[in-house]
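In: Let me see the structure of the following:
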Amino acid sequence: MIISIFDSTTDSSLTDDQIALAEELLQHPVAAQRIREESFRVILDEAQDTEPLQFSVLLEVTRPPEAKGLWLQDRHLGPRPGHFCMVGDFQQSIYWQRADLNYYRAVHEALISDKNGESLEFAVTFRLDQKQLDFVNETFREILNNKDGQVPFRRIATAPENSSRKVIRVPLVAKELLPEGKNSRTTKRHVSKRNILHDGSRTRD
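Out: Model prediction:
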């Protein structure tokens, strides 16, 4: 694969080249189809801090094999159901040097309006007590006012005192996930293509 060409170096400056090359490949009629036929599934965390070019690559790779052009431009044949999931928070966008909050918002709105996904909002936090949360809600209500590029404020609540807090562990047994006749070298690739992850995402297909 093309990315493997860069694996022999640790020069971080090549990261942008890899991303640009990936996007270029996804505009090539033959390469794009072959990549999409792999049926990759993307789960993107901290979506609000993802730069536009990375966002484009992740979206394009999850479209149907026959898709052409850029989905955000022509809005035709978007991500396939169950193939693109992102978790993000408009109110936590802080890496403005590379990320673009407006681009993230545009992706979010496009996924919803084109019925390529549904939006799930979570307003309960397990990190703050009521006193701390009162300060946050009172202070940021004035700052995040949906004006001059700011996002609208979403009030946050603390978890109920009697709420259960759980960590769910999903065991993955490689040999049970492999198709008949496959060896261990294909395990990682095969597992990444299986729809076996459950998450509490803000936006998902």
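
In: C-alpha only now, for contacts and for neighbours.
Out: OK.

In: does residue 22 really touch residue 57, like I thought?
Out: Yes. Under the criterion of Cα atoms under 8 Å, residue 22 makes contact with residue 57 at 6.7 Å.

In: who's the residue positioned nearest the centre of the chain bridged to?
Out: The centroid of the chain falls nearest to residue 44 when counting by Cα atoms, centre = their mean (2.3 Å). Beta bridges link residue 44 to residue 86 when assigned by DSSP bridges.

In: wait, isn't it in contact with residue 59?
Out: No. Using Cα under 8 Å, residue 44 is not in contact with residue 59; the gap is 10.2 Å.

In: Overlap in contacts, the two.
Out: residue 84 (Cα atoms under 8 Å, 6 or more residues apart in numbering).

In: Number of residues surrounding residue 171?
Out: Residue 171 has 6 neighbouring residues, counting by other Cα atoms under 10 Å.

In: and it, what is it in contact with?
Out: Residue 171 touches nothing, counting by Cα under 8 Å, 6+ apart.

In: show me where the protein has strands.
Out: In the chain, the strands defined using DSSP state E lie at 42-44, 84-86, 118-119, 124-125, 157-158, 203-204.

In: Check these for me and report the most buried one.
Out: Most buried of these by mean neighbour count (mean count of other Cα atoms under 10 Å) is strand 84-86; its value is a mean of 23.

In: who does that strand touch, helix- and strand-wise?
Out: Secondary-structure packing of strand 84-86 (3 or more Cα pairs under 8 Å, 6 or more residues apart in numbering; DSSP states H and E): strand 42-44, strand 203-204.

In: before we move on, the earlier item: minimum distance to residue 108: which of the strands of the chain has it?
Out: Counting by Cα to Cα, residue 108 lies closest to strand 203-204 out of these; the figure is 7.4 Å.

In: That'll do, ta.
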